[in-house]
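>>> Please work out how this folds:
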Amino acid sequence: MSSFIKDIFSVGISKIAIIVFSLGATIITARWLGPEANGIIAALTVYPSLFLTFGSLGISQSVAHFVGKGQFLEKEIKTSITQIWGFTSVLSLIICFFLIRYFSNSGENLYWVILAIMPIPFTLFNKYNTGVFLGKNQISAYNKINWSPIAIGFFAIILLVIIFPLHINGVLLAAAIGPVFMFFLLLLRNNFIQSFSFKINWKVVKSLFSLGIVYALSLLVINLNYKTDIILLDKLSSPFQLGIYSKGVAITNFLWEIPMLLSTIVFARSANAKNGLQFSYKIAQLLRLSIIAVGIASILLVILARYVILIMYGQEFIKSTEVLQYLMPGVLLLTIFKVLNGDLAGKGKPWVSMKAMLPAILANIILNIILIPKHGANGSAISSTISYSLAALLFLYFYSKEVDIPIKEILHYSKADFIPIKSVLKKFIKQ
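From the prediction side, this is the model:
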């Protein structure tokens with residue numbers, strides 16, 4: 001098998017593993033716990049997921065940059081990582097504890113709050129560490145760090161929810177087991193255990209932080225738009241409605257893995273993306289292919305939504321059918337943002353995403369406040385679709401201006417768009 005095909009398999013298998021194990025975990029929690037318990041879990045985990053985004057501070061990206069460039073010694077970078085990690089872990093734990101305890105309807109149970117925030121320091125450490133592997137171009141190791149904790153978490157859910165029925169406690173414990181296991185593995189494998197020191201190299205710390213903070217802020221704004229609905233459903237509705245919504249939206253998240261799989265094919269060994277403008281044309285090509293793929297999957301999900309929900313989650317979640325259907329138009333349009341944003345972030349312009357996302361968040365908040373009291377989960381799904389659509393169209397406009405490619409040209413299909421797909425298919429047939 002050629003190295004070209006191996007590269008595709010390396011990334012593709014990792015993405016498929018993430019989808020399979022994540023999907024398996026959502027099915028188990030749905031069928032064994034029911035809508036109300038799933039709503040409580042969604043409420044407990046929404047703030048940690050947000051602060052894992054911001055708490056990461058874009059350190060993985062900046063570490064990969066400096067390791068790859070060799071600007072600092074690897075030992076200096078690792079020591080700085082441990083110091084930043086200690087600070088961000090404590091800060092994220094304190095803030096998340098406060099938000100869940102006093103702003104979430106599920107925060108009255110202190111034990112649940114502690115379990116919900118437990119994965120934060122371990123997950124942050126693992127995220128920071130991925131930058132070292134990326135900087136060394138060790139893609140296989142990078143992939144394992146991403147999918148292994150999810151796989152371990154899946155088997156932990158089988159153990160703690162099915163075999164030993166610990167209910168919500170079991171799900172929250174399972175979410176921590178994967179990151180904790182990977183944390184100790186990385187301490188030994190990458191010699192991070194030797195990097196802990198109280199002696200701070202301010203030059204390295206400042207360099208890592210200053211490069212990463214803009215990425216972190218933009219990611220926080222992006223994820224706020226995805227999580228606003230869960231936060232407001234928790235405040236304005238019931239755990240049942242939140243549980244119904246969480247399972248509908250869970251399926252849509254897997255559709256956005258399609259562009260990641262296609263990107264491997266479009267960009268692998270491409271000799272035509274040596275400058276910024278050419279790379280943007282490649283991104284536009286990826287977008288056009290992604291719209292077709294996600295579009296077909298979206299249409300199928302709209303038509304088969306009822307059967308998908310029944311097969312995966314059971315009769316208790318039948319009301320998630322409408323949630324899924326209402327979300328589909330927004331999910332399809334937001335694919336525009338999901339694909340194009342990577343280009344501007346890679347060009348050092350992650351802040352452009354905030355120009356599109358901030359108005360979308362505002363619209364999402366207003367619409368959720370209006371629609372949730374009357375329509376519950378469905379109202380939140382409609383709000384999200386409108387918000388996603390607004391974000392996608394605004395970002396398409398801003399992207400066009402930034403890369404100097406007309407919108408009409410970005411969305412225009414040609415026969416050349418399908419050459420990479422044909423090429424890969426031919427290589428598979430020859431193997």
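
>>> And the residue nearest to residue 331 when sequence neighbours are not counted, what's its pLDDT?
Spatial nearest neighbour of residue 331, chain neighbours left out: residue 252 (4.6 Å); criterion: C-beta to C-beta, 6 or more residues apart in numbering. C-beta here means a position set from N, CA and C on the backbone, and glycine is covered the same way. With respect to pLDDT, residue 252 scores 87.

>>> check contacts around residue 252.
By C-beta atoms under 8 Å, 6 or more residues apart in numbering, the contact list for residue 252 reads 324, 327, 328, 331.

>>> Could you report the neighbour count for the second one?
Residue 327 is flanked by 29 other residues according to other C-beta atoms under 10 Å.

>>> now do residue 200
12.

>>> and what of the one 4 residues further on?
By the criterion of other C-beta under 10 Å, residue 204 has 21 neighbours.

>>> Also residue 299?
Residues near residue 299, counting by other C-beta under 10 Å: 12.

>>> which parts of stretch 393-401 are buried?
Going by neighbour count (16 or more other C-beta atoms under 10 Å), the buried part of stretch 393-401 is 393, 394, 395, 396, 398, 399, 400.

>>> now stretch 229-241
229, 230, 231, 232, 233, 234, 236, 237, 238, 239, 240, 241.

>>> hmm, which two among these are most spread apart?
The span of the buried residues of stretch 229-241, defined through C-beta to C-beta, is set by 231 and 240 at 16.8 Å.

>>> if we can go back for a sec, quick one: which of the contacts of residue 252 is most hemmed in?
Neighbour count (other C-beta under 10 Å) singles out residue 327 as the most crowded of those, with 29 neighbours.

>>> surely residue 302 meets residue 328?
Yes. Under the criterion of C-beta atoms under 8 Å, residue 302 makes contact with residue 328 at 5.2 Å.

>>> mean confidence score for stretch 309-326?
94.

>>> how far out from the middle of the chain is it?
22 Å (C-alpha atoms, centre = their mean, to the nearest Å).

>>> From the buried residues of stretch 229-241, pick the one nearest residue 214.
Closest approach to residue 214 among the buried residues of stretch 229-241 (C-beta to C-beta): residue 231, at 24.2 Å.

>>> Spit out the contact partners of the closest residue to that closest one other than its chain neighbours.
Excluding its sequence neighbours, the residue lying closest to residue 231 (C-beta to C-beta, 6+ apart) is residue 46, at 5.9 Å. Contacts for residue 46 (C-beta under 8 Å, 6+ apart) come out as 104, 227, 230, 231, 234.

>>> same deal with residue 81?
59, 63, 128, 129, 131, 132, 192, 195, 208.

>>> could you measure the residue nearest to residue 231 against residue 242, distance?
Distance, residue 46 to residue 242, using C-beta to C-beta, to the nearest Å: 9 Å.

>>> Understood, closing this out.
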